[in-house]
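Student: Can you look at this prediction? I've put the sequence above it.
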Amino acid sequence: MTFSCIYSRDALKLKRFLKQAEKDSLVVSYIDLTNKLSKNDVYQHEPNDSILSSMILLILTDYLSKATRDTKIFYVLSCLEEEVIFNLKEVISDIYSHDFSFILYSDETFESKHFDHVKEI
């Protein structure tokens, strides 16, 4: 299983990169989920962070329970903070008990001991 994190401040670069992602891959984006939930709210309120976190966890748990060696997940990061990256990897490790590749695609230079590979968008 490959879990790829994507980070870019350029929204167009992100969209282009994600369009190239394979059709059978899961793409998880905090911003897209926020927009989707806001549009479904009668008052157009932005959802609470705890609701979004729970939703993301539910989506990942469901998808990872069916994951195979060929499964690919793309997770859009809103920041490149070590603590966020560490916690994300821990959550995935708790849910998915097998080995997996943890990759970062970014248009910025970033060094992290948590990623197996860092690649440019």
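Tutor: Perfect, thanks for sending it.
Student: Pick out the residue closest to the middle of the protein.
Tutor: By CA atoms, centre = their mean, the chain has its centre lying nearest to Tyr75, at 1.5 Å.
Student: Hmm, Cys5 is touching Phe86, no?
Tutor: No. Applying CB atoms under 8 Å, one finds Cys5 not in contact with Phe86, separated by 11.9 Å. (C-beta placed from N, C-alpha, C; glycine too.)
Student: neighbour-wise, which of the two wins?
Tutor: Cys5 (24 against 13; other CB atoms under 10 Å).
Student: Now for that one: which residues touch it?
Tutor: 74-77, 85, 88, 102-105, 115 (CB atoms under 8 Å, 6 or more residues apart in numbering).
Student: Now it: which helix or strand?
Tutor: For Cys5, the host element (DSSP states H and E) is strand 2-7.
Student: Quick one: classify the residue nearest to the centre of the chain as helix, strand or coil.
Tutor: Here Tyr75 is recorded as strand under DSSP: H, G, I helix; E, B strand; the rest coil.
Student: beta partners for it?
Tutor: Cys5, Val28 (DSSP bridges).
Student: what's the pLDDT at it?
Tutor: pLDDT for Tyr75: 97.
Student: looking at it, it is touching Thr2, isn't it?
Tutor: No. With contacts counted by CB under 8 Å, Tyr75 stays clear of Thr2, the gap being 11.1 Å.
Student: so how far is stretch 7-27 from its chain's centroid?
Tutor: Distance of stretch 7-27 from the chain centroid (CA atoms, centre = their mean, to the nearest Å) equals 11 Å.
Student: residues of that stretch that come out buried?
Tutor: For stretch 7-27, the neighbour count (16 or more other CB atoms under 10 Å) marks 7-8, 14, 17-18, 21, 26 as buried.
Student: Mean confidence (pLDDT) on that stretch, please.
Tutor: The average pLDDT within stretch 7-27 is 90.
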